[in-house]
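Any chance you could fold what I've pasted below:
(one chain, ligands or ions: 1)
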Amino acid sequence: MPSLYSAAFHPGSMMVQLEEKVSLLENWSDGKGLIVHGAEGTFCSGSDLNAVRAISNPQDGMKMCMFMQNTLTRLLRLPLISVALVEGKALGGGAELTTACDFRIMASDGVIQFVHRHMGLVPGWGGAARLVRIVGSQNALKLLGGAVKVDLEFGLQIGLVDGALEAPQAQDSADTLLEQAECWLSRYTKGPTPVIQAVKRVVLSGRELPLSDALRTEKDVFGTLWGGPANLQALASKSKHN
Ligand SMILES: CCC(=O)SCCNC(=O)CCNC(=O)[C@H](O)C(C)(C)COP(=O)(O)OP(=O)(O)OC[C@H]1O[C@@H](n2cnc3c(N)ncnc32)[C@H](O)[C@@H]1OP(=O)(O)O
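Next up is the predicted model:
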């Protein structure tokens, strides 16, 4: 299960690195799970403000916006079940990045904050559209309009956060946050790769496509599994689900 790291996105370097990682993952045929996490106790504080000042004109802003929208849309559409491990702060573009994962799990010090309003902005990397789908339009309006700090408790309450991680007590005895995240995600990635990738595909099409198209995709994906090795093995073993 690979990890992606981030801190503050430097336009032209970290953003390109992220796009390259996404391209690699698009070609990872055996993959089932992905953990996106930060370094040194923080998740990601968004765009690199020093670099952003140099491109604060509409043309460059649009280029950066479209580049990141494309990258984060492709990240969410990977045939993998992904989780953002939020330790420390996820601010601005960092908050948007968390919404480009299927799940978000948080350490006790974690905060997701769409600080865009404070910057005279709205999200542009697809974070607003995804947030509405995750928490609903009422909550999204509150989080964006109020630039609200979402901590673990509030995140769980509104459904932005899917799981809580325990602070490691001592390095030797407790699982690190990354180990806990791997354990959390493994509940959803157990089993043959084609089945897990198919689960992601039917959920993604249900989330993104009109119902008639989603139903067609679901039928096609079902057809790839029916009578396949995992299906035949399950039938031969007379499995019970209690
Ligand atoms: C797409 C739209 C966007 O993403 S707009 C960007 C939104 N992000 C921000 O506005 C983040 C602003 N920064 C902060 O709020 C704080 O620096 C945070 C991240 C909370 C860390 O606070 P604190 O722990 O007190 O450390 P600090 O402020 O001394 O920061 C350490 C050094 O890191 C830097 N840093 C942090 N974030 C950024 C950033 N996004 N771009 C550029 N630099 C950043 C700080 O400036 C500071 O640098 P230095 O040590 O003073 O040289």
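
and residue 65, how many neighbours does it have?
Residue 65: 14 surrounding residues under other Cβ atoms under 10 Å. For every residue, glycine as well, the C-beta is placed using N, CA and C.

which element is it on?
Element membership for residue 65 (DSSP states H and E) is helix 58-76.

how about that helix: buried residues?
The neighbour-count check on helix 58-76 (16 or more other Cβ atoms under 10 Å) flags 64, 67, 68, 69, 71, 72, 73, 75, 76 as buried.

contacting residues for the second one?
If I follow you right, that is residue 67. Neighbouring residues of residue 67 by Cβ atoms under 8 Å, 6 or more residues apart in numbering: 15, 19.

can you check the last one too?
Neighbouring residues of residue 76 by Cβ under 8 Å, 6+ apart: 82, 100, 101, 102, 130, 204.

near the ligand, from the residues you listed?
Among the contacts of residue 76, proximity to the ligand is found for none (Cβ under 6 Å from any ligand atom).

List just the nearest of those to residue 110.
residue 101 (13.6 Å; Cβ to Cβ).

Surely the closest one is in a helix?
No: going by DSSP: H, G, I helix; E, B strand; the rest coil, the assignment for residue 101 is coil, not a helix.

From the ligand, how far out is the residue nearest the centre of the chain?
In the chain, the C-alpha nearest the mean C-alpha coordinate belongs to residue 101, at 1.1 Å (Cα atoms, centre = their mean). In this view, residue 101 and the ligand are 17 Å apart by Cβ to the nearest ligand atom, to the nearest Å.

so that residue sits right up against residue 72, yeah?
No: judged on Cβ atoms under 8 Å, residue 101 makes no contact with residue 72 at a distance of 9.5 Å.

What backbone torsions are found at residue 112?
Backbone torsions of residue 112, given as degrees, to the nearest 10, read phi -110, psi 120.

What of the one 10 residues further on?
Main-chain torsions, residue 122, degrees, to the nearest 10: phi -120, psi 170.

ok, the residue nearest to the centre of the chain - contacts?
Counting by Cβ under 8 Å, 6+ apart, residue 101 makes contact with 34, 36, 75, 76, 82, 83, 84.

So which of the residues you listed sit within helices?
Of the contacts of residue 101, the ones assigned to helices by DSSP state H are 75, 76.

neighbour-wise, which of the contacts of residue 101 leads?
That'd be residue 84 among the contacts of residue 101, by other Cβ under 10 Å, with 31 neighbours.

for the residue nearest to residue 207 when sequence neighbours are not counted, helix, strand, or coil?
Spatial nearest neighbour of residue 207, chain neighbours left out: residue 133 (6.7 Å); criterion: Cβ to Cβ, 6 or more residues apart in numbering. Per three-state DSSP, the local secondary structure of residue 133 is helix.

neighbours around residue 133, how many?
12.

go on, the one 4 residues further on?
Around residue 137 there are 10 other residues, counting by other Cβ under 10 Å.

Kindly report the same for residue 56.
By other Cβ under 10 Å, 8 other residues sit near residue 56.

Return the backbone torsion pair for it.
The phi/psi pair for residue 56 (degrees, to the nearest 10) is phi -80, psi 50.

any idea of the pLDDT on it?
Residue 56 is assigned 91 on the pLDDT scale.

Could you check how far it is from the ligand?
In this view, residue 56 and the ligand are 11 Å apart by Cβ to the nearest ligand atom.
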